[in-house]
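>>> Predicted model follows, preceded by the sequence.
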Amino acid sequence: MRSHPVAAAIFGAVMAEGLGPRLAQVRAHLRLTVVEMATRVGMSGGTYTWSSYEREKTRPNSDVLTALHGLGFDVTWILTGDGSMIRGLSSPDSAGSEYTIHDRIYEIATTATLRWYV
């Protein structure tokens, strides 16, 4: 998976409160253990790393968010709590365009950053 460096850097500074419980909800929705969830999104750290996301000790990178998007989850909901957990239920589908999940992560991160300065 390719990581968008700007989105990853900005995301680190703007993690929305409640991200951990939303990630736990995603895992519960899939009915997976912590180890199974880590494997599903391509993580090598297993239990410790996914668990640390749910406990908000560390933050998922753009590769993990891209994997969650690929599983059908809405990254906007994961990052902010806005909209629906399942992709496409509350937002227009961008299929067929050049707009990527990395673009969306960057858009969310920069919007949240700008709100901090207003």
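Here it is on my side, so go on.

>>> Where in this structure is the helix or strand with the lowest mean pLDDT?
Here the helix or strand of the chain ranked lowest by mean pLDDT, DSSP states H and E is helix 5-13, holding a mean of 49.

>>> Would you mind pulling the contact partners of the next helix-or-strand element following that one?
Later in the chain than helix 5-13, the nearest helix or strand by DSSP states H and E is helix 19-30. Contacts of helix 19-30 from elsewhere in the structure, counted by CB atoms under 8 Å, 6 or more residues apart in numbering, are 34, 37, 40, 50, 53-56, 59-60, 68, 71, 73, 77-79, 81, 85. (Glycine included, C-beta is placed from N, CA and C.)

>>> can you map out the helices along this protein?
Under the criterion DSSP state H, the chain contains helices at 5-13, 19-30, 34-40, 47-54, 62-70, 75-80, 101-117.

>>> Mind giving me the packing neighbours of the shortest one?
Going back to what we said before, that points to helix 75-80. helix 19-30, helix 62-70, helix 101-117 (3 or more CB pairs under 8 Å, 6 or more residues apart in numbering; DSSP states H and E).

>>> Apart from its chain neighbours, what residue comes closest to G18?
G81 (5.7 Å; CB to CB, 6 or more residues apart in numbering).

>>> residues near the one you found, how many?
For G81, the neighbour count with other CB atoms under 10 Å is 14.

>>> Which phi and psi values does it adopt?
phi 90, psi 0 (degrees, to the nearest 10).

>>> start the count at 79, not 1, going forward
In the new count, where the first residue is 79, that last one comes out as G159.

>>> Tell me the pLDDT of it.
For G159, the pLDDT comes out at 88.
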